[in-house]
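# All I have is the shape, not the residue letters:
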């Protein structure tokens, strides 16, 4: 069961929620503020990704609404949004639970992700600019200076992969890949020490080099190894619990 502390929104979310009532001054350009649904979804997503709300945790709509000072409607909409991302599951007559992925689920999701990434990279090599490649290179150089797989490394890792998705120029494909990343990220964070950085960073550089050369077979093989190595590192040891 969740409690009030586990659902309390961070300061950034409180500021965003307060901003929804603000109006631009006369003559000022219209400013887009996130909706209450977006703020609630972001707060819950953050807690799921950080493991504060583990798999199987029950989410009480009334409790969430009271914590955020809103009606049930934006909470329901936020939970529907998280359900499309695979982070929660709504059960008729039972309520809402944070999803738990099995090892088979992870293998399936990563296999789908590899196929989507290979499609994306093939597209990138047809249209990426030298400036785009240089931006990816700068990100990898910043990652090289980090020795631990902490939040800073994770943020830069996301930045690198997002740059690849955006360079493909297919927003629907980019959105699909980002949704997969969000769903899996909580499990990767939990195994950060096991995954490390050295091997994955070497694969990042190999992938960038293959994209620069237009070497599609090497790029395709590198991205497959990149994610399958992650699955292997997250798998239980032989003979262990599944």
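Cool, the structure landed. Just so we're clear, the structure is a prediction, and the values are computed from it rather than from any experiment.
# Give me the buried positions along the longest helix anywhere in the chain.
Ranked by residue count, the top helix of the chain under DSSP state H comes out as helix 103-127. Neighbour-count burial for helix 103-127 flags 106-107, 109-110, 113-114, 116-121, 123-125 (criterion: 16 or more other Cβ atoms under 10 Å). (Each C-beta comes from the backbone N, C-alpha and C, glycine too.)
# Contacts made by the helix or strand following that helix with the rest, please.
Later in the chain than helix 103-127, the nearest helix or strand by DSSP states H and E is helix 130-144. By Cβ atoms under 8 Å, 6 or more residues apart in numbering, the residues outside helix 130-144 that reach it are 153, 156-157, 159-160, 163-164, 167, 197, 201, 204-205, 208, 211-212.
# hang on, the earlier thing: out of the buried residues of helix 103-127, which one sits closest to residue 43?
residue 109 (24.1 Å; Cβ to Cβ).
# Give me the buried subset of the contacts of helix 130-144.
By 16+ other Cβ under 10 Å, the contacts of helix 130-144 give 153, 156-157, 159-160, 163-164, 167, 197, 201, 204, 208, 211 as buried.
# Okay, now the unreliable bits of the protein?
Low-confidence segments of the chain (pLDDT under 70): 1-33, 190-194, 236-242.
# where do the strands sit along it?
Using DSSP state E, the strands of the chain run over residues 58-59, 88-91, 95-98.
# Go through the buried residues of helix 103-127 and say which is closest to residue 92.
For these, the nearest to residue 92 is residue 109 (24.8 Å; Cβ to Cβ).
# surely the closest one meets residue 99?
No: between residue 109 and residue 99 there is no contact under Cβ atoms under 8 Å: 11.4 Å.
# which residues in the chain form helices?
Using DSSP H, helices in the chain cover 4-7, 11-19, 36-49, 61-68, 72-84, 103-127, 130-144, 151-168, 171-190, 192-195, 198-213, 216-234.
# Near residue 36, how many residues? Count them for me, please.
Neighbour count of residue 36, defined by other Cβ atoms under 10 Å: 20.
# thought it was touching residue 74?
Yes: using Cβ under 8 Å, residue 36 is in contact with residue 74, at 4.1 Å.
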